[in-house]
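> got a sequence here, can you build the structure:
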Amino acid sequence: MTLNDNSRIYGMSVNVDEESVHEFWNKQAQKGDLKSVLLGNQSSSNEQEKRNSLELMLLNRLLSENKIDISSLNVLDLCCGIGRWADNLCKYVKSYTGVDYSDDFISGDIKRFSQTKNAEFICLPVEQIDASNFKRKFDLVIVTGGLMYVNDKYIKPIFQNIKSLVSEYGVVYIQESVSMLDQRLTLNNFYSKDLDSKYSAIYRTIDFYEDCFSTIFTDFDVKEKGILLDESCGARKETNAYYWFLQSIKSK
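Modelled structure (predicted):
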């Protein structure tokens, strides 16, 4: 274990301040664009659009290869942020439910998608989700880029609740920023030039997440997993976005 300084911590399991993370994302929500959410101020418009298109193509391929009809899906998008998956999916799916703890994100989403009849948005921390919050189970649950802002004690309960929300033949798509080192990296109130703000996040190892999956998603298969980004769309030396596509074994 190594401790580089008070804001850049290697190896050690430390908590980030939950209130400061919430405040950070409410400020990002006020910017109201994809760039501020995905990649920060120094990235080009092409980078964030390429990243979003890359991920949408990936999800479409995974659904198609696993013989899942997108038009039949009731979708739950956790940590929905600015609503990029609503933009990507609402025109194709049966229903879309977006959840985020930032009231600024949710109020903006409700306004922007007010004419989209199959979309709804709920202001709720991902740590508090459970089946009682929703009227139905979901055929596709999406969690992209939100778990890095959640402390360790919540991760397994979140996955357990996600499992309870997936329909009998459902699938889960998880994409998270992870450490590409042999240890986790925590940014604790770290000043980011890219974001022009102090910033806190936990970049866990791939093994950490896969250990969680092996104990919680016991009746799911990991159908595909891998690194999402290259340098053209935001890869970093120490971190990258990694994805997992899990499918209920009942779907076989």
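
> quick one: low-confidence parts of the chain?
1-5, 32-45, 194-195, 234, 252 (pLDDT under 70).

> next up, the contacts around the nearest residue to E168 once chain neighbours are set aside.
Distance criterion C-beta to C-beta, 6 or more residues apart in numbering; nearest residue to E168, sequence neighbours excluded, is K250 at 5.6 Å. For every residue, glycine as well, the C-beta is placed using N, CA and C. Residues in contact with K250 (C-beta atoms under 8 Å, 6 or more residues apart in numbering) are E168, Y169, D219.

> kindly recompute the last result at 10 Å.
S167, E168, Y169, G170, D219, F220 (C-beta atoms under 10 Å, 6 or more residues apart in numbering).

> now tabulate those in a markdown table and tack on distance to R51, secondary structure and neighbour count.
As requested, the contacts of K250 are exported to a markdown table (distance: C-beta to C-beta, whole Å; DSSP: H, G, I helix; E, B strand; the rest coil; neighbours: other C-beta atoms under 10 Å):
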| residue | distance to R51 | secondary structure | neighbour count |
| --- | --- | --- | --- |
| S167 | 29 | strand | 16 |
| E168 | 32 | strand | 9 |
| Y169 | 30 | strand | 13 |
| G170 | 26 | strand | 23 |
| D219 | 32 | coil | 11 |
| F220 | 26 | strand | 21 |
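
> related to what we said a few turns ago, how is the residue nearest to E168 assigned, secondary-structure-wise?
Classification of K250 using DSSP: H, G, I helix; E, B strand; the rest coil returns helix.

> quick one: it from Y169, how far?
The span separating K250 from Y169 equals 6 Å under the rule C-beta to C-beta, to the nearest Å.

> now swap in V143 and tell me
Following C-beta to C-beta, the distance that separates V143 from Y169 is 19 Å.

> what helix or strand is V75 located in?
strand 74-78 (DSSP states H and E).

> can you name the next helix or strand after that strand?
Defined by DSSP H and E, the subsequent element after strand 74-78 is helix 84-89.

> now for that following helix, which elements pack on it?
Helix 84-89 is packed against helix 34-38, helix 45-65, strand 74-78, strand 95-100, helix 103-112, strand 119-123, strand 138-144, with contacts defined by 3 or more C-beta pairs under 10 Å, 6 or more residues apart in numbering; DSSP states H and E.

> change it to 6 Å
Under the contact definition 3 or more C-beta pairs under 6 Å, 6 or more residues apart in numbering; DSSP states H and E, helix 84-89 sits against strand 95-100.

> can I get the CA coordinates of the strand it packs on in CSV?
What follows is strand 95-100, C-alpha atoms only, in CSV (Å, rounded to 0.1, in the frame of the first residue of the first chain):
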residue,chain,number,x,y,z
SER,A,95,-40.1,2.0,-21.2
TYR,A,96,-37.2,3.9,-19.6
THR,A,97,-36.8,4.8,-15.9
GLY,A,98,-33.8,7.0,-15.0
VAL,A,99,-32.6,7.4,-11.4
ASP,A,100,-30.1,9.8,-10.0
